[in-house]
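K.L.:
sequence first, then the predicted structure:
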Amino acid sequence: MSVIKVIHDHRSIRTYKPDPVPEALLQEILAAGIRASSSGNMQTYSIIVTRDRALRERLYEPHMEQDMVLDAPVLLTFCADFHRMRQWLRLSNAPDNFDNFMSFMIAAIDAILVSQNVALAAESRGLGICYMGSTLANCDQIGEILQLPPNVVPVVGFSLGYPDEDPAPRDRLPLSGLVHDETYHDYSDDEIRQIYHDREVAGWARYMSFPHLRQLIEESGVENLAQVYTAVKYTRQSHQEFSRTVLNYLKSQGFMNN
Ligand SMILES: Cc1cc2nc3c(=O)[nH]c(=O)nc-3n(C[C@H](O)[C@H](O)[C@H](O)COP(=O)(O)O)c2cc1C
């Protein structure tokens, strides 16, 4: 299958067959994943492959009780990781300048690029994935369960396995609303309404199609999709709490020293 077709066929998979992912296939997609570009070719990331059921059961709660943690045979956690590099620097008597926020960002970008490469490689082989934002939101609890040393922070993660559903591809905002020619062109209110018009219809219909979400939305009294995003899904309080978690964990993992 062409790369562009694999990309266009993507849809998140949240229901999985119990079939294991063959080890050779897993190794193949991971090997493809690490072909991603990385800052200075330092490869400042680690990929944690979790198959063990007992470990996945411990990860279930910090992953906000999302069923795919238990149902998919594999969970991949992509971590920003300067631990390995800093150890090498020490062994090589080289200065170590990587205990700061910039280093975290470099490592996080490396980790995220690898994750998406692995995702596409997996999808090209008939596997499905679903990212979980809980990886970052609860990075401290997940880091503890995965026994991460200092300088390692979980950034993104996804479930991996054979799909047991065939969802239609989800909508995207129009390309013209996302791309700017040469420099940034700010949006008029009318342009914003136009860009989000189809999303408002499709997104609202989708949320209302899940009985538990419909109930939550109706109980909260929100009237449109934008309100669902910030009054129900991503509240100020939850985002402030998760921000504190991430900042505290970055500090305790040695990324905020100067
Ligand atoms: C960083 C990130 C975190 C996500 N977290 C979750 C999640 O916790 N649970 C979930 O069901 N989907 C999650 N998703 C999947 C998105 O909901 C999904 O990609 C988006 O709705 C578009 O749908 P599609 O992937 O099927 O095209 C996440 C995606 C990303 C990139």
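P.N.:
Looks like it arrived, so ask away.
K.L.:
is Ile47 in a helix, a strand, or coil?
P.N.:
At Ile47, secondary structure determined by DSSP: H, G, I helix; E, B strand; the rest coil is strand.
K.L.:
thought it was touching Gly33?
P.N.:
Yes - judged on Cβ atoms under 8 Å, Ile47 makes contact with Gly33 at a distance of 7.3 Å. In this view, the C-beta of every residue, glycine as well, is placed from N, C-alpha and C.
K.L.:
so for the helix or strand Tyr196 falls within, what's the average pLDDT?
P.N.:
Using DSSP states H and E, Tyr196 falls within helix 189-209. When the per-residue pLDDT values of helix 189-209 are averaged, the result is 95.
K.L.:
with just CA atoms, put the helix or strand that it is followed by into PDB.
P.N.:
Following helix 189-209 in sequence order, the next helix or strand is helix 211-220 (DSSP H and E). What follows is helix 211-220, C-alpha atoms only, in PDB (Å, rounded to 0.1, in the frame of the first residue of the first chain):
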ATOM      1  CA  PRO A 211     -25.400   7.300  24.900                       C
ATOM      2  CA  HIS A 212     -23.100   8.100  27.900                       C
ATOM      3  CA  LEU A 213     -21.700  11.200  26.200                       C
ATOM      4  CA  ARG A 214     -25.200  12.300  25.100                       C
ATOM      5  CA  GLN A 215     -26.300  12.000  28.800                       C
ATOM      6  CA  LEU A 216     -23.300  14.000  30.000                       C
ATOM      7  CA  ILE A 217     -23.900  16.700  27.400                       C
ATOM      8  CA  GLU A 218     -27.600  17.000  28.100                       C
ATOM      9  CA  GLU A 219     -27.000  17.100  31.800                       C
ATOM     10  CA  SER A 220     -24.400  19.800  31.500                       C
END
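K.L.:
ok, the helix or strand following helix 211-220 near the ligand or not?
P.N.:
Proceeding C-terminally, helix 211-220 gives way to helix 225-227 as the next helix or strand, assigned by DSSP H and E. No - using Cβ under 6 Å from any ligand atom, helix 225-227 stays clear of the ligand, with a minimum separation of 12.6 Å.
K.L.:
just checking, what packs against helix 225-227?
P.N.:
With contacts defined as 3 or more Cβ pairs under 8 Å, 6 or more residues apart in numbering; DSSP states H and E, the secondary structure elements packing on helix 225-227 are helix 189-209.
K.L.:
other SSEs contacting the helix it packs on?
P.N.:
Here helix 189-209 touches helix 211-220, helix 225-227, going by 3+ Cβ pairs under 8 Å, 6+ apart.
K.L.:
mean confidence score for whichever helix or strand comes after the shortest one?
P.N.:
Once helix 225-227 ends, the next helix or strand along the chain (criterion: DSSP H and E) is helix 236-252. Helix 236-252 shows an average pLDDT of 97 in the prediction.
K.L.:
just give me the longest helix of this protein.
P.N.:
Once the chain is assigned using DSSP state H, the helix that runs over the most residues is helix 101-124.
K.L.:
show me how far that one is from its chain's centre.
P.N.:
Offset of helix 101-124 from its chain centre (Cα atoms, centre = their mean, to the nearest Å): 9 Å.
K.L.:
the very next helix or strand once past it near the ligand anywhere?
P.N.:
Proceeding N to C from helix 101-124, the next assigned helix or strand is strand 128-131, under DSSP H and E. Yes - using Cβ under 6 Å from any ligand atom as the criterion, contacts between strand 128-131 and the ligand involve Cys130, Tyr131.
K.L.:
what is the helix or strand following strand 128-131 packed up against?
P.N.:
With elements assigned by DSSP H and E, the helix or strand that comes after strand 128-131 is helix 134-137. Packing partners of helix 134-137 (3+ Cβ pairs under 8 Å, 6+ apart): strand 152-161, helix 236-252.
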